[in-house]
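Here is my input; please provide its structure:
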Amino acid sequence: MLLLLPMMVGAQNVKIPKGANEFTYWQIEYSEQNDTTEVYVHRDGDVITIVTQQPKGKLIPGYAQTVTEVDYAQDSIMVSAYYDDSVYFYRTGFSRSDIEWRRDGKKRICSVNSNTLEFEMDENVPVNVTPLPYYGLNKGVLRSFTRNGQKRLVLAKAQKVDWGFCGPSKALLPSRRVSPRELDRIMKERLVVTTRIFDHEQICWGKQNAHVDCDNLKKPWTNYIPRDTVLHYAGGTLILKRVRLPWLTSHYQHFIEVHQQSNGDAYDRTGSIFLLKTNGWVQHNFFDGINQHPDSLPTFVGRDGQRYQGMISQTGYDAPLELVRFFTPFGVGKFNERMKGYGIDWRNEAYYRQEITDLYHFGGDVIIGAWIGNYDGGGHLLTVDIKSYPNDYTELEDSAEWSGLVEPLFNTCNVLEMAGQNYGKLFGTDSLTVRFKILPEMSDGKLTSARLRYISTGHGGWGEGDEFVPKQNTILIDGKPAFTHTPWRQDCGCYRDLNPVSGNFWNGLSSSDFSRSGWCPGTATQPVYFDMSPWADGKEHTLTVAIPQGKPVEGMFSHWAVSGTLIIEY
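Numbers count the residues shown, from 1 in each chain. Next up, the predicted model:
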C-alpha cells in the first residue's frame with residue numbers, strides 16, 4: 001500500500017528509546033515527498049524479523065507475504081514467502097566478505113553492480129537493527145539508506161512495545177526449501193498470469209481440414225467452435241483455437257510469446273498470430289472464409305482484375321486483427337545437426353516476444369489463429385503464450401473497465417493462402433482504401449488518443465523484388481498524404497545463428513544476412529503508430545494505403561502484407 005506523506009521526517013531526528021524493539025522504516029519509491037511503503041523490523045534479543053507493509057484492498061493472484069528472520073548470533077538469514085497454499089523458504093549466511101566498505105563520517109559506503117550505496121548507521125545504540133540484511137552486518141541501527149544519491153529508506157519510528165510480533169501463520173501449510181534465486185523466480189512467476197494458446201502445435205501441409213457444421217445455426221457461428229480445441233485449416237497451415245482470456249485490472253502489461261522450430265521445412269516463411277472477435281452479431285466473420293472458402297468473404301476486384309478476399313473491414317465484417325507478424329528462419333531446430341562444423345552454435349528455436357497491451361481489451365471468449373505459409377509435410381512446431389504482468393499488488397476498482405475501441409481496418413496478410421486467398425499484390429495497379437469514423441467523445445468521456453497500429457512487410461524474393469528494395473508506404477486520409485513509412489531492416493546479419501540452412505555465397509555472406517523490407521528471417525516485425533486524433537470529428541473518412549509495388553518478372557511477383565488497427569481511447 002503506497003502512502004502519500006505530507007512531509008518526510010528526518011531519520012536523524014528519530015529518538016531511539018532504551019529497549020526499543022519495534023522499528024518502522026519508510027521505503028521511498030520516488031522522492032522524499034511522494035509514495036512510500038512502510039517496513040517493520042521487530043527485535044527480540046539477537047533476532048530481528050522484517051515484514052513489509054501488506055497492501056490494502058483486493059490482492060492480485062500470486063501475491064506472497066514475505067517475512068525475513070535474521071539471527072545475529074547464528075549469522076543466518078531465513079526468508080519465507082507465504083501463499084494461501086504453501087510456504088517457500090531459504091536460509092543463507094548473514095556476514096559478507098565480497099563487499100568492500102569505506103567510511104565517510106557516520107556513513108558506510110560500498111558499490112554493488114555499479115550502484116553506490118550509503119548506509120547511515122547509529123552506532124551509539126547497543127543493538128543491531130537493519131531492514132537490509134543482504135548487505136551484511138553493519139553494527140548499530142540503520143537510520144537511512146541511499147542509492148546513487150537518492151534516499152530509498154529512512155527510519156521513521158522506534159519504540160518499545162510489550163506485544164509479540166504477529167506474522168503469517170505456518171499452520172498446516174506445506175513448505176519447501178529453495179535457493180535464494182529460485183525463490184525470487186517462484187515469486188515472480190506466480191505473479192504472472194499465463195494463458196497458453198498453442199502448445200508445440202504442428203503447422204504443416206497435408207492435414208485434413210476441420211469443419212464446424214454451422215449452416216443452420218444462429219450467427220455468429222464462431223460461438224459454436226469448441227473451446228480449447230485446436231482446429232486445423234488451409235491444409236494444416238493455419239490453426240485456430242477458441243480460448244477464454246482472463247479479465248485483468250488495467251495496470252497489467254500483456255506480452256505475446258512465440259516459440260518456433262522447423263519440423264521439416266527449411267525455408268523462411270511468413271507467419272502471423274491474429275485474433276477474431278466472437279462477441280456481437282456480424283453479417284460476415286473471417287471464420288466464414290476459414291470454415292468454408294475465402295470466396296465467401298467480402299471481396300473486391302482490383303484494377304488488375306483479380307479478386308481480393310476478406311482484406312478490408314466494412315459494416316458487418318471485421319478483417320483479422322493481427323497481433324504479431326513473424327518470419328521463420330531457415331530450418332532452425334530440424335537442420336541444426338546436419339549443419340554442424342560451420343563454427344556457429346545454432347540456436348534450438350526462434351523466439352518472438354512483443355507487447356500487446358494496447359490490443360488486450362478482449363477478455364472472455366476470442367478465437368486466436370496462427371499461420372505459417374508452407375507446403376512441407378513436417379512444417380513447423382509452434383508454441384504461443386500470452387503473459388500478463390502486474391504493475392501493482394492490488395486490483396484496481398476499474399478492473400476490466402476500459403473505455404475505447406480496437407478496430408481492425410485492413411489486413412492483406414493472406415493467412416488463407418493455401419486455401420486460395422489472394423496475395424496482397426494489388427498495390428502494383430491500385431491502392432487499398434477503407435472507411436473509418438472516430439467519435440470525439442462517448443458516454444464514458446472525451447477522446448484521449450486515437451492511433452493507427454500499422455504493420456508492413458514487402459515480398460518478392462529475387463534481386464529486384466520488393467523483399468529486397470525499400471519502398472515508401474504512404475497513408476492518405478481523404479485522399480491527402482498524411483503519413484509515410486519505409487519498412488526496412490538492416491540488422492538481419494545479427495540472426496545468422498538462427499538460420500542453419502540459409503543459402504551461403506562465395507563471398508562469405510548468407511542470404512539470411514540481406515536487408516529486407518521490414519523483416520528478417522527469425523524476427524518479428526515491429527508495428528509503427530500514427531496519430532489519428534486530427535480526424536476525431538465523428539465524420540466518416542477514408543484511409544488509403546499506397547505502395548509503389550514492383551512489376552512482375554518472368555512469372556514472379558511482388559506483394560505487400562499490410563495490416564492496420566485503429567486503437568481509440570476515451
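
Stretch 552-567: end-to-end distance?
Length of stretch 552-567, first residue to last, C-alpha to C-alpha, to the nearest Å: 35 Å.

tell me the mean pLDDT for that stretch?
Stretch 552-567 shows a mean pLDDT of 96.

Quick one: distance of it to the chain centre.
In this view, stretch 552-567 has its centroid 27 Å away from the chain centroid, taken as C-alpha atoms, centre = their mean, to the nearest Å.

Now that stretch: buried residues?
557-567 (16 or more other C-beta atoms under 10 Å). All C-beta spots, glycine's among them, are computed from the backbone N, C-alpha and C.

can you check stretch 325-344 too?
325-336, 339.

in this protein, what secondary structure element scores lowest on mean pLDDT?
In the chain, no helix or strand scores lower on mean pLDDT, DSSP states H and E than strand 3-4, which sits at a mean of 38.

and for the following helix or strand past it, what are the contacting residues?
Where DSSP states H and E defines the elements, the next helix or strand beyond strand 3-4 is strand 22-28. Strand 22-28 is contacted from outside by 5, 8, 34-43, 52, 129, 131, 141-142, 151-161, using C-beta atoms under 8 Å, 6 or more residues apart in numbering.

do the same with stretch 59-66
With contacts defined as C-beta under 8 Å, 6+ apart, stretch 59-66 is touched by 51-52, 54-55, 79-83, 168, 187, 190-193, 249, 390, 392-395.

one more time with 6 Å, if that's ok
Contacts with stretch 59-66, where a contact means C-beta atoms under 6 Å, 6 or more residues apart in numbering, come from 81-83, 168, 187, 190-191, 390, 393-395.

What's the first helix or strand after the longest helix seen in the chain?
Using DSSP state H, we find that the single longest helix of the chain is helix 180-191. Using DSSP H and E, the helix or strand that follows helix 180-191 in sequence is strand 193-203.

Which strands or helices does that following strand pack on?
Contacts defined by 3 or more C-beta pairs under 6 Å, 6 or more residues apart in numbering; DSSP states H and E place strand 193-203 against strand 380-389.

The strand it packs on packs against which elements?
If you count contacts as 3+ C-beta pairs under 6 Å, 6+ apart, strand 380-389 packs onto strand 193-203, strand 253-262.

how far does the helix or strand just after that strand sit from the chain's center?
Using DSSP H and E, the next helix or strand after strand 380-389 towards the C-terminus is strand 404-411. Averaging C-alpha positions (C-alpha atoms, centre = their mean) puts strand 404-411 20 Å from its chain's average.

Over to stretch 314-321?
Distance of stretch 314-321 from the chain centroid (C-alpha atoms, centre = their mean) equals 25 Å.

repeat for stretch 336-354
Relative to where its chain is centred, stretch 336-354 has its mean C-alpha point 24 Å off (C-alpha atoms, centre = their mean).

Now do the host helix or strand of residue 455 against strand 404-411, angle only.
Taking DSSP H and E as the definition, one finds residue 455 inside strand 449-459. With axes from the mean of the first three to the mean of the last three C-alpha atoms, to 10 degrees applied, the angle from strand 449-459 to strand 404-411 works out at 20 degrees.

returning to that earlier point: among the buried residues of stretch 325-344, which are in strands?
Judged by DSSP state E, the subset of these located in strands is 325-327.
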